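1. Here is my input; please provide its structure:
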Amino acid sequence: MKKNPFPANDPDRRYLWEMLVNRDIKAFVSQDWSMVENDFMADGFMGIDAGKNRNVDKWELKFPDLESYKDEWLSQAADFAQLDLEENKEYAFHRVTILQDIEIQGDVALLHKKFFGPIKKKDGGQIETDWQTLYRCKKVGDTWKIIGFTGYMPLMPKTGDASGAPNKQLPNNAGQHKTAGPYSPVLEVNPGKLIVISGQAAIDRAGNVIGDSIEEQASYTMDNCALQLASAGCTLQDVFKVNVYLKDLKEWPRFNEVYKHYFMEPKPVRTAVESGLLMTLRVEVEMWAVKT
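-> Model (predicted):
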């Protein structure tokens, strides 16, 4: 299960992450709207359904009020409850959910929640998660409320222009924090086949270290890996090799408790070593994947 990556000295982002990841997942899997009903502001609520369509003109005002969204939420939760999955349903949702980008200005916030990777069913089929949702929130007193969203937005297409040697390229959507050194964050080698990402850590786009504990940093680091892979059209399930660098190998068991929920079987081969890391980082992870 993922740990909240935002520290106690960032209470607003910590609250928003808890609301839209932990509480949202628990409520949905339990089909219990009462767990989240107080997270919404009914007055002026509006939900837009993009339907994973890149044509903005096709996006629909599917939820003109909170009651219409509640009905759809309960219907989808009931359908999901009937599925027979290969893994714990809460674990599955945590594995494919990433919430890092939370922009706060005064008492309003914009949150970018992304979903990557498959959820496998016991009958051999799988549910593909490949969309993102923009949530609009407002602070009321000491709590935050969801006042609207644009959901099921398609992920950016992977196109990419050739860069450097002809057998490697930087995906068009690749990016990294502004303090990064002279290296590519992710490369496609023999484009469309082998994907390699540079070591990722618990660093946000502004170059700040996120999280104090190994659990917090492990969650943020693995989400950063998933984002880099996604820029090349891959998910964590395409990874075949992982290298882990820990500041203190005594934290290896605690790291594993977070790491193990990110992969389905068969899990990638892996190497782990103790290493000196920059700043206050406790872990760094690099991955190799094959694009199918």
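2. could you pull out the strands for this protein?
-> 46-49, 60-63, 97-105, 108-120, 126-140, 143-154, 161-162, 168-170, 186-189, 194-200, 239-246, 269-274, 283-290 (DSSP state E).
3. okay if I get these as CSV plus distance to residue 85?
-> From N, CA and C alone the C-beta is placed, and that goes for glycine too. What follows is the strands of the chain, written out as CSV (distance: least, CB to CB, whole Å):
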stretch, distance to residue 85
strand 46-49, 25
strand 60-63, 26
strand 97-105, 15
strand 108-120, 6
strand 126-140, 9
strand 143-154, 21
strand 161-162, 39
strand 168-170, 35
strand 186-189, 29
strand 194-200, 26
strand 239-246, 20
strand 269-274, 24
strand 283-290, 23
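4. In terms of mean pLDDT, which of these ranks lowest?
-> Among the strands of the chain, strand 161-162 carries the lowest mean pLDDT, at a mean of 38.
5. returning to that earlier point: in a markdown table: the strands of the chain, plus distance to residue 218 and mean neighbour count.
-> Output for the strands of the chain, formatted as a markdown table (distance: least, CB to CB, whole Å; neighbours: other CB atoms under 10 Å):
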| stretch | distance to residue 218 | mean neighbour count |
| --- | --- | --- |
| strand 46-49 | 33 | 19 |
| strand 60-63 | 35 | 14 |
| strand 97-105 | 14 | 17 |
| strand 108-120 | 17 | 19 |
| strand 126-140 | 21 | 17 |
| strand 143-154 | 26 | 19 |
| strand 161-162 | 33 | 10 |
| strand 168-170 | 27 | 18 |
| strand 186-189 | 20 | 22 |
| strand 194-200 | 11 | 21 |
| strand 239-246 | 9 | 19 |
| strand 269-274 | 12 | 12 |
| strand 283-290 | 6 | 22 |
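6. Those: which one's closest to residue 30?
-> strand 97-105 (16.2 Å; CB to CB).
7. so how far is that closest one off the chain centroid?
-> Remark: strand 97-105 is offset 10 Å from the chain centroid, using CA atoms, centre = their mean, to the nearest Å.
8. Put the alpha carbons of it into PDB.
-> Extracted in PDB, the C-alpha atoms of strand 97-105 (Å, rounded to 0.1, in the frame of the first residue of the first chain):
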ATOM      1  CA  THR A  97      -2.700   5.500  -9.200                       C
ATOM      2  CA  ILE A  98      -0.300   8.400  -9.100                       C
ATOM      3  CA  LEU A  99      -1.000  11.800  -7.500                       C
ATOM      4  CA  GLN A 100       2.100  14.100  -7.300                       C
ATOM      5  CA  ASP A 101       1.200  17.400  -9.000                       C
ATOM      6  CA  ILE A 102      -0.900  19.500  -6.600                       C
ATOM      7  CA  GLU A 103      -1.000  23.200  -7.400                       C
ATOM      8  CA  ILE A 104      -2.300  25.400  -4.500                       C
ATOM      9  CA  GLN A 105      -3.000  29.100  -4.800                       C
END
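9. Spatially nearest residue to residue 132, not counting backbone neighbours?
-> Of all residues not flanking residue 132 in the chain, residue 114 sits nearest, at 4.5 Å (CB to CB, 6 or more residues apart in numbering).
10. Please apply the same query to residue 60.
-> residue 49 (5.1 Å).
11. Contact partners for residue 62?
-> 47, 48, 49, 68, 72 (CB atoms under 8 Å, 6 or more residues apart in numbering).
12. Mind checking the strands of the chain for the one nearest to residue 10?
-> strand 97-105 (9.2 Å).
13. what bridges to the residue nearest to residue 60?
-> With beta bridges defined as DSSP bridges, residue 49 has these partners: residue 60, residue 151.
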